[in-house]
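Student: here are the coordinates; sequence isn't available:
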């Protein structure tokens, strides 16, 4: 699968790395902050961080997903505000990452910082069928905690 990436900033590829897979087994590429200067995210606050990139997925058979970087989340409480960002195949605008600070202190994002991960994955669009009932299962309608976990 070929992913077309457009640099929206002249900094991409010089001051700001273009996305790449860091290892042969990497499932996602790092996204970097494309900023003019540092941006502070106050404890409990949120900020939109630009990446300076736009992408063109080849078809509706694919979606790009924006995930947290585990180190930022665990060490600093910094993660995407919407948990997982969904970039549809027909979106051509700049990839923006809404970051939330659930930590106890302010966090500063510097230009070029790795802020999230971008994963490309296949999509299955379901054919919706409205029904009056659903097939039964052993679990049934048991919700949170119903399996003992």
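Tutor: Thanks, I have the structure now. Just so we're clear, the structure is a prediction, and the values are computed from it rather than from any experiment.

Student: Every contact and neighbour count from this point should use C-alpha atoms.
Tutor: Fine.

Student: any low-confidence regions in the chain?
Tutor: 149 (pLDDT under 70).

Student: Now for this protein: which strand has the highest residue count?
Tutor: strand 114-122 (DSSP state E).

Student: That one pairs with which strands, and in what direction?
Tutor: strand 29-32 (antiparallel), strand 62-67 (antiparallel) (DSSP bridges).

Student: roughly how far is that strand from the heart of the chain?
Tutor: Distance of strand 114-122 from its chain centroid, counting by Cα atoms, centre = their mean, to the nearest Å, is 5 Å.

Student: For that strand, buried residues please.
Tutor: 114, 115, 116, 117, 118, 119, 120 (16 or more other Cα atoms under 10 Å).

Student: And for stretch 31-47?
Tutor: Under 16+ other Cα under 10 Å, the buried positions of stretch 31-47 are 31, 32, 33, 34, 35, 39, 41, 42, 43, 45, 46, 47.

Student: repeat for stretch 45-64
Tutor: 45-47, 49-57, 62-64.
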